[in-house]
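Q: How does the following fold in three dimensions:
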Amino acid sequence: MSDHLTIVDHPLVQHKLTLMRDKGTSTASFRQLLREITLLLAYEVTHDLPMTTRQIETPLEEIEAPILAGKKLALVSILRAGNGMLDGVLELVPSARVGFVGLYRDEKTLQPVQYYFKVPEGLDSRVVIAVDPMLATGNSSAAAVDLLKQAGATDIRFLCLLAAPEGVARMKEAHPDVPVITAALDRQLNEKGYILPGLGDAGDRMFGTK
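A: Residues are numbered from 1 along each chain as shown. Presented below is the predicted three-dimensional model:
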């Protein structure tokens, strides 16, 4: 494990991930598990948020107590599958500002094309967490981070459920300053760009579309 890649091997994360991989798991269960596992991953991705202190009164005395510093963090969903991870992070950080990046792959050039981009203001002074369940080829993820940097973001973390070695390498090459936090590094991509062993198409399984 490098500084660029963090694999969260917590027993609850791994247990829930196995249930999500099982093709017999229902859409409703898949969605609930994704929310739960994202909350656990969010705990890891936020472990070094900047802190300050504030004077408060407990029922017994006054103290200088630790509290988060700076602007509210920005949570950016890479559409559409990233939306399934929003609830898990927001449960842990309900005050986070939320943005969206929409990209699709041009079938001829295979390059990502932007169709939607709406993010909170002041990204240059926020911790930005980009979420997408699958880091496969890494092309759309790298393009999304490009857009966030163009919008001013300087402290970006990428949170995903599964990563392929190809996607991790692509992200490291394009954005060595952006740490990747995931529940598992899978074996490889197949010829269609799906992660093996993976869990299929996260968006389809989450939203019940085929």
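Q: how much space between the residue nearest to residue 53 when sequence neighbours are not counted and residue 56?
A: Of all residues not flanking residue 53 in the chain, residue 64 sits nearest, at 4.7 Å (C-beta to C-beta, 6 or more residues apart in numbering). Just so you know, the C-beta spots here come from the backbone N, C-alpha and C atoms, and that holds for glycine as well. Residue 64 sits 8 Å away from residue 56, taking C-beta to C-beta, to the nearest Å as the criterion.
Q: From the contact counts, what lies against the longest strand seen in the chain?
A: As assigned by DSSP state E, the longest strand anywhere in the chain is strand 97-105. On a contact count with 3 or more C-beta pairs under 8 Å, 6 or more residues apart in numbering; DSSP states H and E, strand 97-105 meets strand 74-78, strand 112-118, helix 139-150.
Q: so where's this structure shaky on pLDDT?
A: Low-confidence segments of the chain (pLDDT under 70): 1-2, 110, 210.
Q: May I ask you to name the longest helix in it?
A: Counting by DSSP state H, the longest helix found in the chain is helix 27-45.
Q: most distant residue from the middle of the protein?
A: residue 60 (40.3 Å; C-alpha atoms, centre = their mean).
Q: Confirm it sits in a strand?
A: No. Under DSSP: H, G, I helix; E, B strand; the rest coil, residue 60 falls outside any strand and is assigned coil.
Q: list the contacts for it?
A: Contact analysis of residue 60 by C-beta atoms under 8 Å, 6 or more residues apart in numbering lists nothing.
Q: quick one, phi psi at the residue nearest to residue 37 when sequence neighbours are not counted?
A: Excluding the flanking residues, the one nearest residue 37 by C-beta to C-beta, 6+ apart is residue 16, at 4.5 Å. As for residue 16, its main-chain torsions (degrees, to the nearest 10) stand at phi -70, psi -40.
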